[in-house]
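*Asks:* sequence? don't have it. structure:
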């Protein structure tokens, strides 16, 4: 196994599993939590992330295939997506090349939000463009199910903040290309207070 990323909640490894290159995502134990509670939290979050990835795929969003969910070890084994992170692509491509990509990202975010899926970590590092130009959404670890308008706004606010900090010279056009296609995916489905 090769460690490729260590986050606050999980570690990502690149490995071979059943003769396929895969990503193994393991949620690491937290010593400051009661062990039983820690195991339950990590197990729940592992199941929840796998379900969100699957539900996103059902509404037409490219996501990695899930091969195995191990709740005891809080691990997901999933497809390794060959491609470039949008973060890299945005720094080395022209605006002419990037505009259709950002328009499609907007449509995809609109589909997610219309189906009640909040990604939770919409950054240019969590979008991978493969050689066939498909845009894969990865890392739903902070995601949730919600039809609340505020949750959608927070998702978009994070994307805007990421663009401003990582791609500040082009952040405004990038974000403006995302927005029109979010609203074109269907009516907003929000719950009104009773």
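*Replies:* On my side now, so go ahead. The structure presented is a predicted model; accordingly, all values stated were derived computationally and were not measured.

*Asks:* could I get the contacting residues of residue 142?
*Replies:* Contact analysis of residue 142 by C-beta atoms under 8 Å, 6 or more residues apart in numbering lists 119-121. For the C-beta atoms, the positions are set from N, CA and C on the backbone; glycine is no exception.

*Asks:* restricted to strands, list the residues you listed.
*Replies:* Within those, no residue falls in strands by DSSP state E.

*Asks:* JSON lines for those, including neighbour count, distance to residue 19 and pLDDT?
*Replies:* Listed next are the contacts of residue 142 as JSON lines, based on neighbours: other C-beta atoms under 10 Å; distance: C-beta to C-beta, whole Å; pLDDT from 0 to 100:
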{"residue": "119", "neighbour count": "28", "distance to residue 19": "31", "pLDDT": "97"}
{"residue": "120", "neighbour count": "19", "distance to residue 19": "32", "pLDDT": "95"}
{"residue": "121", "neighbour count": "19", "distance to residue 19": "31", "pLDDT": "95"}
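
*Asks:* next one: the closest residue to residue 77 other than its chain neighbours relative to residue 97, how far apart?
*Replies:* Once flanking residues are discounted, residue 77 sits nearest to residue 68: 4.1 Å by C-beta to C-beta, 6 or more residues apart in numbering. Relative to residue 97, residue 68 is positioned 36 Å away (C-beta to C-beta, to the nearest Å).

*Asks:* residues in contact with the helix ranked longest in the chain: which ones?
*Replies:* Longest helix in the chain, counting residues (DSSP state H): helix 35-58. Outside helix 35-58, the residues that touch it by C-beta under 8 Å, 6+ apart are 9, 25, 27, 29-30, 33, 63-64, 66, 69-72, 74-76, 78, 112, 115, 117, 137, 140-141, 143-145.

*Asks:* which ones among these are found in helices?
*Replies:* Reading helices off the contacts of helix 35-58 with DSSP H, I get residue 112.

*Asks:* buried ones among the contacts of helix 35-58?
*Replies:* Among the contacts of helix 35-58, those that count as buried by neighbour count (16 or more other C-beta atoms under 10 Å) are 25, 27, 63-64, 66, 69, 74-76, 78, 112, 115, 117, 137, 140-141, 143.

*Asks:* quick check: residue 16 is in a strand.
*Replies:* Yes. Assessed with DSSP: H, G, I helix; E, B strand; the rest coil, residue 16 lies in a strand.

*Asks:* can you add distance to residue 177 and give the contacts of residue 142 back as a markdown table?
*Replies:* Output for the contacts of residue 142, formatted as a markdown table (distance: C-beta to C-beta, whole Å):
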| residue | distance to residue 177 |
| --- | --- |
| 119 | 18 |
| 120 | 22 |
| 121 | 20 |
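
*Asks:* tell me the one among these nearest to residue 16.
*Replies:* Compare each of those with residue 16 using C-beta to C-beta and the shortest gap goes to residue 121, at 26.9 Å.
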